[in-house]
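S.K.: Fold the following for me, if possible:
(one chain, ligands or ions: 1)
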Amino acid sequence: MGESLLFTPNYFERLRLPKGLTVYLRHVRPEDKSLYVEGLKRYSKNSFYFRFMSAKTHFTEAELAYLTEVDQWNHLCLVAGSGPWDKVVGLASGRFVRFKDDPTTAEFALFVGDSYQRYGLGRAIMLRLMYAAKEREVQTLFGEMFRDNSAMFHLVDSLPVPANWELEGPVARMTLSLECLPPAEELLPELARKAERRRSKSEKRLGFRGKPSN
Ligand SMILES: CC(C)(COP(=O)(O)OP(=O)(O)OC[C@H]1O[C@@H](n2cnc3c(N)ncnc32)[C@H](O)[C@@H]1OP(=O)(O)O)[C@@H](O)C(=O)NCCC(=O)NCCS
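M.R.: The predicted structure follows:
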């Protein structure tokens, strides 16, 4: 993966949200299975119902492997924790999975634990998913949710690009085109600066001196 990606394999971020909640973000890892198992005990049935669109009482081994053993390119997942990752409480996660039959489109899903909702964490993760998807050549993010998921409708309304909605019975489907996403410098300035520093370091290492003149 290139040096100028915002979401390199070692991506790590300490994020202070406007209402004073501090969270730690990184890519999901195979050893995070326990975060999912604990999360299912800690957070409400209702939140899991909205996330999985069916009642969720346990995760099978195969589901846990699917959720945590990802390649971070076609299937990327960011997790938010309460601390710098030693025995943390899992607070939230967001993922996208590229469609096999249309590699320019990926389906996303978001989850924020009940007591951490309404702090801006869902939006922060969604923004990061949008940039991570775009730098992985995804052009459109697709999402499916219940029509009465007002939290998700509000979140999508607060994003920097407009969504197209389709309603069918109890289900709402939306697409977000990433084409008009503002430059990362505007919305994720710290990550953009870090990526720029990595890029210029790597150019120095390679002895790159700019475009040669004729
Ligand atoms: C939907 C969900 C991810 C939102 O996460 P969140 O961290 O609470 O959302 P944020 O705090 O980032 O809110 C983003 C915007 O939506 C608004 N919002 C969030 N929840 C809201 C609610 N229940 N009612 C009204 N507005 C709401 C916020 O006020 C904010 O808007 P603002 O910036 O104009 O104030 C979270 O509620 C959740 O995980 N729910 C269960 C799982 C789920 O529904 N997943 C979605 C299926 S893909």
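
S.K.: which residues sit against stretch 181-197?
M.R.: Residues from elsewhere that reach stretch 181-197 (Cβ atoms under 8 Å, 6 or more residues apart in numbering): 3-6, 8, 13, 127-128, 130-131, 134, 160-161. Quick note: C-beta positions are derived from backbone N, CA and C, even for glycine.

S.K.: Among those, which ones are in strands?
M.R.: Counting by DSSP state E, the part of the contacts of stretch 181-197 found in strands is Glu13.

S.K.: can you tell me which helix in the protein is longest?
M.R.: Longest helix of the chain, by residue count under DSSP state H: helix 189-206.

S.K.: how distant is that one from the center of its chain?
M.R.: 22 Å (Cα atoms, centre = their mean, to the nearest Å).

S.K.: With just CA atoms, put that helix into PDB.
M.R.: The C-alpha trace of helix 189-206 is given here as PDB (Å, rounded to 0.1, in the frame of the first residue of the first chain):
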ATOM      1  CA  PRO A 189      -6.400  17.600   8.300                       C
ATOM      2  CA  GLU A 190      -4.300  15.700  10.800                       C
ATOM      3  CA  LEU A 191      -4.400  12.500   8.900                       C
ATOM      4  CA  ALA A 192      -3.700  14.300   5.600                       C
ATOM      5  CA  ARG A 193      -0.700  16.000   7.200                       C
ATOM      6  CA  LYS A 194       0.600  12.600   8.500                       C
ATOM      7  CA  ALA A 195       0.200  11.100   5.000                       C
ATOM      8  CA  GLU A 196       2.000  14.000   3.400                       C
ATOM      9  CA  ARG A 197       4.900  13.600   5.900                       C
ATOM     10  CA  ARG A 198       5.100   9.900   5.100                       C
ATOM     11  CA  ARG A 199       5.100  10.600   1.300                       C
ATOM     12  CA  SER A 200       7.900  13.200   1.500                       C
ATOM     13  CA  LYS A 201      10.000  10.900   3.700                       C
ATOM     14  CA  SER A 202       9.600   8.100   1.300                       C
ATOM     15  CA  GLU A 203      10.500  10.300  -1.700                       C
ATOM     16  CA  LYS A 204      13.700  11.500   0.200                       C
ATOM     17  CA  ARG A 205      14.600   7.800   0.900                       C
ATOM     18  CA  LEU A 206      14.200   7.100  -2.900                       C
END
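
S.K.: quick one: buried residues of that helix?
M.R.: Neighbour-count burial for helix 189-206 flags 191-192, 194-195, 198 (criterion: 16 or more other Cβ atoms under 10 Å).

S.K.: can you list those in CSV and add pLDDT and distance to Cys180?
M.R.: Conversion of the buried residues of helix 189-206 to CSV gives the following (pLDDT from 0 to 100; distance: Cβ to Cβ, whole Å):
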residue, pLDDT, distance to Cys180
Leu191, 96, 19
Ala192, 96, 17
Lys194, 94, 24
Ala195, 95, 20
Arg198, 91, 26
